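Q: just need the structure, nothing else, for what follows:
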Amino acid sequence: MECAAVPLAAISTGHKIGLAVAAVVFIVFALVSALVIPRRKPDFPGGALGVYVFVTLLLFVGMMAAVFVFGKESEESEAQEPPAAETTTGTTAEAGDAAAGKQVFASAGCGACHTFEPAGSNAAVGPDLDTALQGKDAEFIRVSIVDPNAEVANGFQPNVMPQNFDQQLSDKQLNDLVAFLAPG
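A: Numbers count the residues shown, from 1 in each chain. Predicted coordinates for the structure are as follows:
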């Protein structure tokens, strides 16, 4: 897995501290060399330009190394991921966490359009999920999120719900949201 794809929440506390320390060192160097030293020595870096560039590059390489070392997901956390299950569409879906799904529901703005009692929302732009999802399975809910025009609820128009939640939400967020919305 590439470092850029690892969410900050998946990084262990020790790794977060390592990244923070490297970032603080880099930022302090930048601020001191931009604000403090020039006030005391107006011709900075003057004759020491080569040394200044070398130190800057050294800190940059150190910061990038810290990102690759500390931003890497540990093998232990990869081993603890729940097993994947095949859905009827042939895509791989992991079991979601309903508690995390409640946070996704809020952060994705679902409550601005849908009534859903477990989320404490009561909007009427989209279908009332308390009734619309009764008797529906997780696969129906997943498809309704990623392809909302596949089956539009009676009394509602197509193309009102955003069509790009499959791009906005990670697989984990989508699995969590489905777990939260699934009638239980």
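
Q: from now on I want contacts and neighbour counts done on CA atoms only, so please keep to that.
A: Will do.

Q: residue ranges of the strands in this protein, please?
A: Assigned by DSSP state E, the chain shows strands spanning 84-86, 92-94, 115-116, 121-122.

Q: weakest of those strands by average pLDDT?
A: Ranked by mean pLDDT, the strands of the chain end with strand 84-86 at the bottom, a mean of 44.

Q: and the pLDDT for M1?
A: Confidence score, pLDDT, at M1: 37.

Q: how many neighbours does G101 have?
A: G101: 22 surrounding residues under other Cα atoms under 10 Å.

Q: thought it was touching Q173?
A: Yes. If you go by Cα atoms under 8 Å, G101 and Q173 touch, sitting 6.7 Å apart.

Q: roughly how far does the residue sitting furthest away from the middle of the chain sit from V53?
A: Residue farthest from the centre of the chain, counting by Cα atoms, centre = their mean, is G47 at 45.8 Å. Separation of G47 from V53 (Cα to Cα, to the nearest Å): 12 Å.

Q: for this protein, what's the longest helix?
A: In the chain, taking DSSP state H as the definition, the longest helix is helix 49-70.

Q: what residues sit buried inside that helix?
A: Neighbour-count burial for helix 49-70 flags 56, 59, 62-64, 66-67, 70 (criterion: 16 or more other Cα atoms under 10 Å).

Q: what's the closest of these to D43?
A: T56 (17.7 Å; Cα to Cα).

Q: lowest-scoring secondary structure element of the protein by mean pLDDT?
A: One helix or strand of the chain scores below all others by mean pLDDT, DSSP states H and E: strand 84-86, with a mean of 44.
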